[in-house]
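Asker: let me see the structure of the following:
(2 chains)
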Amino acid sequence: MIVETQSVRFDSLSLDCGATLAPVEVAYETYGALNAAHSNAILVLHALSGDAHAAGISHESGKPGWWDNMIGPGKAFDTDKYFVICSNVLGGCRGTTGPSSINPATGAPYAMSFPVITIADMVRLQKTLVDHLGIQRLLAVSGGSMGGMQALQWAVAYPDEVAAAIPIATTARHSAQQIAFDEVGRQAIMADPDWNEGNYYAGQPPARGLSVARMVGHITYMSDESMREKFGRRLRDKDRFGFDFSVDFEVESYLRYRGSQFVLRFDANSYLYITKALDYFDAAEGCGSLVEAFRPTQARFLVISFTSDWLYPSYQSLEIVKALRSLNRDVAYCELASNYGHDAFLVDIGEQTEVVRGFLANTFRSIS
Amino acid sequence: MSTTHEARRRGFVREILGRSDYAIISELVEPGARVLDLGCGEGELLEWLARNRGVKGRGIEIAGPRVQRAIARGVTVYQGDIDAGLADYPDGSFDYVILSQTLQETRRPLGVLQEMLRVGRHAIVTFPNFGHWSVRLRLLFGGRAPRTRCLPYSWYDSPNLHFLTIKDFEELVRAQGWTIEREIFLAGHRAGTFLTNLMADVAVFLVRK
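Answerer: Take a look at the predicted model:
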């Protein structure tokens, strides 16, 4: 399945911080066909470093989408039955307006003059896109990590427009530990002289800083066990220590490689803005409690966590489930066994496929 | 006397999903009711009740693989344990709360029963009767912890933490001031009324506050 990223421009978007962005560009892809009743649309939501290319083979890059193992004919999000949409988030750098976009007022990239955005802002823009596509009510919203936060936000902000929400490996609010890791990433970027207060678009991007940020991120996405299995203490292309500070261990080599690849496709300022949005996210904010925050929701929920995910541990999913159960909402919850840590929702998808497929089929039956 | 007539006279109980207590439960539950099934396994009963009685079902199950299969078949199940798992539900959330052959596996059976009657209007409780004659015989003459059709485990690998008889359960219900609305005693596939605490291997109670 060869897919092409599409783009649409909207006149303006009001943001939580009070600012208005005008205009706003959104990059998106769609898979499968919208049915006559427009009742089979699923919005898939990407995580921190993802983009609109969720499935199929990209026409431009020749690469598969970030959730290609979950979206396609016969897969969990079965494109023979459902119409699947994925868009790049607001603040991103893969086609949707973000800090690297040109500010029409100045003719130069926004850089740090880009307004600080929130998860709710991202979702508001997605709602505009869904309206534009002529869909009144989504069959489901689903995503892992930051995508899960967006799924929760959808269910809270647009209760009548979402039949089901599938938040995976996520939280209703970032913990101190999660904020701490994000802050290390941001400091690594901002400590790089090439960052230059965000004004690097005409010259060298802060590749070293962004690469370190990505290395820290990758550690948090894996588990102790998966790193032991994948690397152990194996040395890289040598039999003994080099007694210097070049690469000794496989794990060092892997992290450096991942870091160096990331800077080729991701904008450092986007990393700052999006991690800030993650840290600001608290579904209960302004409501007093998570229960009150979820009171407006109408959707059915399927909440999934993974045993070895220490970045978004199961207790955070259980907080969501607890609040929904105390409202007697239709909420299914399972903790899937996996050694892959936070990355499990992207790579260890066997059981996830079974539960998502059954849950979606049941939801589709109940609304048809 | 024909065999069918004989069976009817002796209260033959049919099976649902291979279980005679499920058949009784399906008759106790009113169509369209809100039902919570504790220790719901792979959600077979809830799926059957949803399809055939139009109930709105929820389940709680501790074992991950069972939860996954239940969700995959479209049943809303929460992965958690029964002893603590009811606390989040508001009072009166359900018409029926079912505890099918699991009471003896809970850590605090009384706490679970109290919670069942807080979140539900009716509790349906089924359990293997420890007063059955085969249990008594095995203990009396064998001098061994009972292993029977309904209690098939050795003492060291049994999930059963508490053993109770029909009399024990009736006494508890009385002491709590609850009301037994229906009680059905099963001996194999027969519902019986004769020397029930001796003859029944499984008991089904419909209880309310």
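Asker: any stretches of chain B with poor pLDDT?
Answerer: By pLDDT under 70, the weakly predicted segments of chain B are B:1-11.
Asker: helices or strands up against the helix or strand hosting B:Gly111?
Answerer: For B:Gly111, the element it lies in under DSSP states H and E is helix B:109-119. Applying 3 or more Cβ pairs under 8 Å, 6 or more residues apart in numbering or on different chains; DSSP states H and E, we find helix B:109-119 packed against strand B:34-38, helix B:82-85, strand B:94-100, strand B:120-128, helix B:166-176, strand B:202-208. Just so you know, the C-beta spots here come from the backbone N, C-alpha and C atoms, and that holds for glycine as well.
Asker: okay if I get those as JSON lines plus mean neighbour count and distance to chain A?
Answerer: Shown next, in JSON lines, are the helices and strands packed on helix B:109-119 (neighbours: other Cβ atoms under 10 Å in any protein chain shown; distance: least, Cβ to the nearest Cβ, whole Å):
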{"stretch": "strand B:34-38", "mean neighbour count": "25", "distance to chain A": "9"}
{"stretch": "helix B:82-85", "mean neighbour count": "18", "distance to chain A": "9"}
{"stretch": "strand B:94-100", "mean neighbour count": "24", "distance to chain A": "9"}
{"stretch": "strand B:120-128", "mean neighbour count": "24", "distance to chain A": "12"}
{"stretch": "helix B:166-176", "mean neighbour count": "15", "distance to chain A": "25"}
{"stretch": "strand B:202-208", "mean neighbour count": "22", "distance to chain A": "20"}
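Asker: let's have the ones you listed in CSV, adding distance to A:Gly143.
Answerer: As requested, the helices and strands packed on helix B:109-119 are arranged in CSV below (distance: least, Cβ to Cβ, whole Å):
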stretch, distance to A:Gly143
strand B:34-38, 29
helix B:82-85, 27
strand B:94-100, 31
strand B:120-128, 35
helix B:166-176, 47
strand B:202-208, 44
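Asker: which residue, other than its chain neighbours, is closest to A:Ile166?
Answerer: A:Ser142 (3.7 Å; Cβ to Cβ, 6 or more residues apart in numbering or on different chains).
Asker: and chain B, which of its residues are near chain A?
Answerer: Counting by Cβ under 8 Å from any Cβ of the partner chain, the residues of chain B close to chain A are B:58, B:64, B:67-69, B:71-80, B:88-90, B:93.
Asker: quick revisit: ok, the residue nearest to A:Ile166 to chain B distance?
Answerer: Using Cβ to the nearest Cβ, to the nearest Å, one gets 14 Å for the distance from A:Ser142 to chain B.
Asker: do the same with A:Ala120
Answerer: Going from A:Ala120 to chain B by Cβ to the nearest Cβ gives 26 Å.
Asker: what comes up buried for the host helix or strand of that residue?
Answerer: According to DSSP H and E, A:Ala120 maps onto helix A:119-132. Along helix A:119-132, these residues count as buried under the neighbour rule (16 or more other Cβ atoms under 10 Å in any protein chain shown): A:119-130.
Asker: thinking again about what came up before, can you list the buried residues in the helix holding B:Gly111?
Answerer: B:109, B:112-113, B:115-119.
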